[in-house]
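Novice: this is the structure alone, sequence omitted:
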């Protein structure tokens, strides 16, 4: 490492991209790396970039999160390992959908899925750790993406489409009584109210009429409960939007009780991942009630 200390920052950056960032690429493409491993990899890359050594000698000049952004965003173009790892696992899911002739995909269908579809598949407890991680990355993102689009006002509700002359009217696709805005669709529509009422009974908490609530400051809720409730709200947002699209494009919609079952089915997969290990008795009793 003595010679590398004399390298310029540009030279160190090239070595980080060409060597350090490539050593774990194979493993990161087949399973989710432990957070401790990713933290160690990033620490080695960060220390080498600023100090020319894997050891920590001085405080970095620029935050690592800033460095791991594209050059157009002011970064150095390095990959964020956590995001890249998730994207690589997403590729495996794409293979399952788009490349059924691949040997690995055939093995997955033979051992785990056995003719079922993603919407009805439930990962068994006896499955391997790797497959559970792959499955977990499928159940969460589809909720998170729609929730993210909701928070950034990116969902194409009919009030938007009507203003752009794409839709012939601006009425709610589900109830048809009022203008379809985000506030109406997810909180004011009778269908959404019915689903949320069932959710509140299921979890034992009254939820406010907003998805922007910060639950972390609620003294009554532990970190585990905050995470589960946020997952439930994301699933509610996803399935109400899905029912809205089903009503608009296929002229059919499930009853609120049927929508609740879909939400429960998918959230329970997340709960299985969270319920391992020790926890306060009150939290465990709550999780058992949800299951």
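Specialist: Nice, I can see it. Bear in mind the structure is a predicted one, so any value in this text is a computation, not a measurement.
Novice: can you list contacts of stretch 39-59?
Specialist: 1, 4-7, 9, 12-13, 15-16, 20-21, 24, 60-61, 64, 67, 78, 81 (CB atoms under 8 Å, 6 or more residues apart in numbering). Yep, even glycine has a C-beta here, placed from its N, CA and C like the rest.
Novice: in helices only, show me those residues.
Specialist: Among those, DSSP state H puts 9, 12-13, 15, 64, 67, 81 in helices.
Novice: can you name the element that comes right after the lowest-mean-pLDDT helix or strand in the chain?
Specialist: One helix or strand of the chain scores below all others by mean pLDDT, DSSP states H and E: helix 129-139, with a mean of 69. Using DSSP states H and E, the helix or strand that follows helix 129-139 in sequence is helix 141-151.
Novice: quick check: buried residues in that next one?
Specialist: Buried residues in helix 141-151, counted by 16 or more other CB atoms under 10 Å: 141, 143, 146-147, 150.
Novice: count of residues packed around the residue lying closest to residue 240 once chain neighbours are set aside?
Specialist: Distances taken as CB to CB, 6 or more residues apart in numbering put residue 192 closest to residue 240, at 5.5 Å, once the chain neighbours are dropped. Each residue near residue 192 was counted by other CB atoms under 10 Å, and the total is 24.
Novice: now residue 266
Specialist: 22.
Novice: hang on, isn't it packed against residue 234?
Specialist: No. Counting by CB atoms under 8 Å, residue 266 stays clear of residue 234, with 9.9 Å between them.
Novice: quick revisit: which among the contacts of stretch 39-59 end up buried?
Specialist: 12-13, 15-16, 20-21, 64, 67, 78, 81.
Novice: which one in the buried residues of helix 141-151 is the model shakiest on?
Specialist: Within the set of the buried residues of helix 141-151, pLDDT is lowest for residue 141 (59).
Novice: so what sits against both of residue 266 and residue 234?
Specialist: residue 143.
Novice: residue ranges with poor pLDDT in the chain?
Specialist: Applying pLDDT under 70 to the chain picks out residues 1-5, 97, 117-121, 136-142, 208-219, 273-277.
Novice: helices of that one, start to end?
Specialist: Going by DSSP H, the chain shows helices at 9-15, 25-28, 35-51, 64-67, 81-98, 103-108, 129-139, 141-151, 158-163, 182-183, 190-203, 223-249, 256-274, 281-290.
Novice: got these as CSV, with distance to residue 171 columns?
Specialist: Below are the helices of the chain laid out as CSV (distance: least, CB to CB, whole Å):
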stretch, distance to residue 171
helix 9-15, 55
helix 25-28, 47
helix 35-51, 47
helix 64-67, 44
helix 81-98, 34
helix 103-108, 43
helix 129-139, 33
helix 141-151, 20
helix 158-163, 7
helix 182-183, 15
helix 190-203, 14
helix 223-249, 11
helix 256-274, 20
helix 281-290, 35
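Novice: can you tell me which of those helices is most buried?
Specialist: Between the helices of the chain, helix 223-249 has the highest mean count of neighbours, a mean of 19, where neighbours are mean count of other CB atoms under 10 Å.
Novice: sorry, back to before: which of the buried ones among the contacts of stretch 39-59 sits closest to residue 128?
Specialist: Nearest to residue 128 among those, counting by CB to CB, is residue 81 at 22.6 Å.
Novice: which two of the ones in helices among the contacts of stretch 39-59 have the greatest separation?
Specialist: Greatest spacing in the ones in helices among the contacts of stretch 39-59, by CB to CB: 9 and 81 (20.3 Å).
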